[in-house]
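Chemist: let's see this in three dimensions:
(chains A, B, C and D)
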Number of protein chains: 2
Amino acid sequence: MKVLIVDDDRTLADLLAFAMRRAGFEPHLAFDAQGAMQVFDDLPVDIIILDVNLPGSQELKNGFDICREIRKVSDVPIILLTVRDDEEDIVKGLNIGADDYILKPFSPRQLVARVQAVLRRASAESVPEEAPYRYQDFQFDPARREVSRGGETPQNLTRLESRLLSYLMLNQGQVLPADNIITEVWGLDAANTEMLRQLVHRLRMKIEQDPENPILIKTLPGIGYGFGI
Amino acid sequence: MKVLIVDDDRTLADLLAFAMRRAGFEPHLAFDAQGAMQVFDDLPVDIIILDVNLPGSQELKNGFDICREIRKVSDVPIILLTVRDDEEDIVKGLNIGADDYILKPFSPRQLVARVQAVLRRASAESVPEEAPYRYQDFQFDPARREVSRGGETPQNLTRLESRLLSYLMLNQGQVLPADNIITEVWGLDAANTEMLRQLVHRLRMKIEQDPENPILIKTLPGIGYGFGI
DNA sequence: GCAAATTGTCACAACATTGTCACACGAATC
DNA sequence: GATTCGTGTGACAATGTTGTGACAATTTGC
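Modeler: Purely as a prediction, here's the structure:
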């Protein structure tokens, strides 16, 4: 699976390339609009990761322009990379044909997960396997929706539990506001904190059975939750 | 049966060699175009597995070129290994004389099955291994559409049951989403989960008669099924 | 064309998952 | 100390999934 990464920050681009290669993709880099279009014309990529803040040139100024340009000729999935959490920008991005966006700063894991999600949505093709998450003796296999601790018998998670844990472990060590978790797990629409509390409770029952083992999901009162804090 | 494996990724090449050796073949490796042509000139191989993405050299750039080159002098079966799912590339590959292609990522089992299929198609006389699938004391012969367990009398499978079991055992130990199974068994068009449930049920009746024997087809609720998980 | 085998459809029970409510408990505030 | 707030927890209802039997529709072999 080929992925085209377009970002003028070479360090970041390299990092992304490394992460994608580890996840079984074949990354190709471009550092500006011209480079991006050139790679795109040359070889068929399966997905594009695009920084919206690129140094301008005459005809193609930023990521939005590239996105628009590509959409004229192809429906390859595009993920926008942006520091702006301005809703207007996100809406604009999605309107001109981007498939998803991701806000900086983000972890490489997160990006990989996002890419896989978009690909899974876009095509029935076989997407590289999702690697299991680890934290100390704790292990979570999102493909099987299975958690295990040490050598114990694995526990099965439900759809929502698995989504929650994915999000938590993807942002391991970070403080995650309840609202963010909710929109991530349930989607943009309905869902209240009560449902989240319940879900956290049920997840904890499955992964924190042993009283002597350390707490995995920590409550940050008034804010939200965090994994491995 | 000699098989020539051409891939610059040595780890992958080794893995493939191992899989092919297990399946009763005699693997020979080459890591670039020169090596491939050298092995090909030196000894008569029965089939070639060729990565299309090889590091370039002057006269022989990639797998396509090697394929073309070989076709000038021999009609040995060639299977292309590619990450591109671009139809154009596949058509191109088949046009210049490849016998089949397989998209990354794939399981070694899958490749072996593909190799056997190509060989069976190519040469009606020197049929290679008639390779039944095995799992513990369970055995499945896709050619005869017959399953047996231990020394018991074999059971006959129907066409769809056989296809389903082939797909499951080909991807043994993996999580297979219901949608993937459906498109694999029935084809792209119609078919709903109800039909899959029914088919799984019927297949189970034939291969899981004994209550003491372990479950072969595991249900992964909300996801799909998996064989030997 | 007919009978048998195969495949698709429907109905329903058993079970699992998710949403909702009620309430207990502890910390912070007054 | 009483109140308020946020959180954890149990119970239960609503909903969704899966397994299973019966039967109709279709295909296959003769």
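Chemist: counting contacts, what elements does the helix or strand where residue A:50 lies pack onto?
Modeler: Here residue A:50 sits within strand A:47-51, counting by DSSP states H and E. Helices and strands touching strand A:47-51, by 3 or more Cβ pairs under 8 Å, 6 or more residues apart in numbering or on different chains; DSSP states H and E, are strand A:2-6, helix A:33-42, helix A:63-73, strand A:78-82, helix A:108-122. Bear in mind the C-beta positions are built from the backbone N, C-alpha and C, glycine included.
Chemist: show residues contacting it.
Modeler: A:1-9, A:16, A:36, A:40, A:63, A:66-67, A:70, A:76-82, A:98, A:111, A:115, A:118-119, A:122 (Cβ atoms under 8 Å, 6 or more residues apart in numbering or on different chains).
Chemist: residues near residue A:116, how many?
Modeler: 20 (other Cβ atoms under 10 Å in any protein chain shown).
Chemist: just the pLDDT for it.
Modeler: pLDDT, residue A:116: 78.
Chemist: ok, back up a step: deepest in the core, which of the helices and strands packed on strand A:47-51 is it.
Modeler: strand A:2-6 (a mean of 25; mean count of other Cβ atoms under 10 Å in any protein chain shown).
Chemist: is chain B contacted by it?
Modeler: Yes. Strand A:2-6 lies within reach of chain B by Cβ under 8 Å from any Cβ of the partner chain, at residue A:2.
Chemist: starting at the chain centroid, how far to that strand?
Modeler: Relative to its chain's centre, strand A:2-6 lies at 15 Å (Cα atoms, centre = their mean, to the nearest Å).
Chemist: the inter-axis angle of that strand versus strand A:78-82?
Modeler: 30 degrees (axes from the mean of the first three to the mean of the last three Cα atoms, to 10 degrees).
Chemist: direction included, what does strand A:2-6 pair up with?
Modeler: strand A:26-30 (parallel), strand A:47-51 (parallel) (DSSP bridges).
Chemist: tell me which other helices or strands the helix or strand just after that strand touches.
Modeler: Along the chain past strand A:2-6, the next helix or strand (assigned with DSSP H and E) turns out to be helix A:10-22. Packing partners of helix A:10-22 (3+ Cβ pairs under 8 Å, 6+ apart): strand A:2-6, strand A:26-30, helix A:108-122.
Chemist: tell me the helix or strand right after the last one.
Modeler: Just to be clear, that refers to helix A:108-122. strand A:133-135.
Chemist: quick one: strands adjacent to that next one?
Modeler: According to DSSP bridges, strand A:133-135 forms sheet pairs with strand A:138-141 (antiparallel).
Chemist: outside of the strand it pairs with itself, list whatever touches it.
Modeler: By Cβ under 8 Å, 6+ apart, strand A:138-141 touches A:132-134, A:146-149, A:165-166, A:169, A:207, A:216.
Chemist: now the two most distant members of these.
Modeler: Across these, the longest distance by Cβ to Cβ is 17.3 Å; it joins A:149 and A:166.
Chemist: ok, residue A:155 to chain B distance?
Modeler: To chain B, residue A:155 is 13 Å away according to Cβ to the nearest Cβ, to the nearest Å.
Chemist: let me see the contact set for that residue.
Modeler: Going by Cβ under 8 Å, 6+ apart, residue A:155 touches A:146-148, A:206-207.
Chemist: and it, bridged to which residues?
Modeler: According to DSSP bridges, beta-bridge pairing links residue A:155 with residue A:147.
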